[in-house]
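Q: let's see this in three dimensions:
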Amino acid sequence: METIVPALAYGGGCSSAIELRNLGQGPVVVDAEPHREDGALASLVARSGVAVHLRAGETASVQAQIEEETNGVWVRVRETVQAGYRPVVTVRGTTECVEGANVRTVHRDVSYATRNPWWAGDVDDLGDGSILLINTSERPARASLCYSSGSEFSLPGRQFDPICSASAEVHVPPFGSRTFAVRHGANNHFAVRTSGDRIVLQMLRSVAGTTRMFTVDSAISFGNGESREP
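A: Below is the predicted model:
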């Protein structure tokens, strides 16, 4: 059972933690594996490895050992589930930022990697939203971006594709992550198509009054399946 906790902030008055709780009736070992934006593995605070031992009913909190200022750390939580049994560990991520005399907290929705996820749609109601891509595989992945006005074209016998006013091909290293703004110039339509075995996509929106904290727009759904070029 593999769970991804994305967009964790560190530095600049911010810290993040992952809460793991064993709901089972016996002990369990869970791997909590933090990664930086470039894909590099990070260590856990006050732990010699990534394994977290939980007794029945026990809750543990883990943090990545990150010195730089970033909001792109992600953690892969892996629970080994034996045949005939179900997962018993709950996973919850939290980012906390200190702003003057105030402490602001946002929760991180967990995600699950899929093959070749994609998203396309109008961006007029998304404000300064951005799409987070995480490549959770040991193989490189690719993202194709298309900013357009919504116009499309088609060749005989083929499906319609958008006419891009700006486009980009982005290669994502193993375990790396990238964030893409949904706005570029005067576009009102954005599409991202990916190619990779295990990719997470999430739509992020800035929390009002801060550029260091984000919430996940859970109303946005992503397609899944074979990727096609925009």
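Q: give me the buried positions along stretch 182-197.
A: Across stretch 182-197, burial judged by 16 or more other Cβ atoms under 10 Å covers 182-184, 187, 189-196. Where you see a C-beta, it was placed from the backbone N, CA and C, and this is true even at glycine.
Q: mind checking how far the residue lying closest to T70 once chain neighbours are set aside is from N116?
A: Distances taken as Cβ to Cβ, 6 or more residues apart in numbering put Y10 closest to T70, at 5.7 Å, once the chain neighbours are dropped. Counting by Cβ to Cβ, to the nearest Å, the gap between Y10 and N116 amounts to 30 Å.
Q: so the two - more neighbours on which side?
A: Set Y10 next to N116 and count neighbours by other Cβ atoms under 10 Å: Y10 wins out with 23 against 18.
Q: and the host helix or strand of that one, what does it pack against?
A: Using DSSP states H and E, Y10 sits within strand 2-10. Contacts defined by 3 or more Cβ pairs under 8 Å, 6 or more residues apart in numbering; DSSP states H and E place strand 2-10 against strand 14-22, strand 70-79, strand 89-99, strand 102-108, strand 130-135, strand 199-206.
Q: number of residues surrounding S149?
A: 13.
Q: just checking, it touches N187?
A: Yes. Shown here, S149 and N187 form a contact pair, counting by Cβ atoms under 8 Å, at 6.5 Å.
Q: quick revisit: mind listing residues that contact the strand holding Y10?
A: Strand 2-10 is contacted from outside by 15-16, 18, 34, 64, 66, 68-79, 91, 93, 95, 97, 108, 110-113, 132, 134, 136, 177, 200, 202, 204, 212-214, 216, using Cβ atoms under 8 Å, 6 or more residues apart in numbering.
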